[in-house]
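**Student:** heads up, no residue letters with this:
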Ligand code: 2DT
Ligand code: MG
């Protein structure tokens, strides 16, 4: 008797500093993978559409002030509140491309001078990404991509600190560093190969837990 195993989707995270092209690459990935007939959807953190996400949005737009520790925990809570949806999506065979995850949480809080281990703790046990695609952009080229926006954290000095922490978090067992200064389509092809390979390699593997 043959058992038919349901394939699960893969959890793919895009990380990198502002202007690296995460959102652009996420949309291109959605289009390319969808064309192959495989199920895939996008998510992003912070997800500003939830109640917690609404508070985070006000904080980022500088409408309210929050203590560093408090907002750090809200960013983490915003991921935890979406874990059931992440698990259900993967279980029905749909893959997810996520624009930012716990790594941004640590990198941005750490850039304020917060203790990295303290920052990591609330995200321990989240679904572990099957692959992290880190879009690496030189600071010179980032500055040529035009002005930063008006939100909190959107300045070159802060982004440099963020990048240093991303580098500390990098785990070569599942991180892929992609040079994001190249033409959009070339970057996409590299990302696309990683995504297809990951979907195939992980389809019958259990979802692991982050940092456990
Ligand atoms: P977007 O520009 O991608 O909407 O992000 N951030 C993000 C944190 O400080 N902690 C987190 O856990 C996450 C996911 C990065 C808005 C800003 O929020 C920062 C930029
Ligand atoms: Mg932004």
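**Tutor:** Noted; the coordinates are in hand. Please read these numbers as outputs of a predicted model, since none were measured by experiment. Ligands and ions are numbered 1, 2, ... in the order given.
**Student:** Ligand 1 contacts on this structure?
**Tutor:** Within the chain, the residues that sit near ligand 1 (CB under 6 Å from any ligand atom) are 45, 46, 60, 75, 100, 104, 105, 108, 153. All C-beta spots, glycine's among them, are computed from the backbone N, C-alpha and C.
**Student:** Spell out the residue ranges of the helices in this protein.
**Tutor:** For the chain, the helices defined by DSSP state H occupy 22-35, 51-60, 68-80, 83-91, 102-110, 116-120, 139-144, 156-169, 184-202.
**Student:** looking at the chain, which helix or strand does the model trust least?
**Tutor:** Lowest mean confidence among the helices and strands of the chain (mean pLDDT, DSSP states H and E): helix 139-144, at a mean of 84.
**Student:** Just name whatever secondary elements it is in contact with.
**Tutor:** Counting by 3 or more CB pairs under 8 Å, 6 or more residues apart in numbering; DSSP states H and E, the packing neighbours recorded for helix 139-144 are helix 156-169.
**Student:** hmm, back to that, could you dump the helices of the chain into TSV with mean neighbour count added?
**Tutor:** TSV is the format used below for the helices of the chain (neighbours: other CB atoms under 10 Å):
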stretch	mean neighbour count
helix 22-35	17
helix 51-60	17
helix 68-80	18
helix 83-91	14
helix 102-110	24
helix 116-120	16
helix 139-144	13
helix 156-169	16
helix 184-202	16
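**Student:** so which of those helices gets nearest residue 209?
**Tutor:** helix 83-91 (10.7 Å; CB to CB).
**Student:** which strands and helices sit next to the closest one?
**Tutor:** Using 3+ CB pairs under 8 Å, 6+ apart, helix 83-91 sits against strand 95-99.
**Student:** at 6 Å what do you get?
**Tutor:** Helix 83-91 sits against no helix or strand, with contacts defined as 3 or more CB pairs under 6 Å, 6 or more residues apart in numbering; DSSP states H and E.
**Student:** outside of that helix, which residues touch it?
**Tutor:** Contact with helix 83-91 is made by 8, 9, 96, 127, as judged by CB atoms under 6 Å, 6 or more residues apart in numbering.
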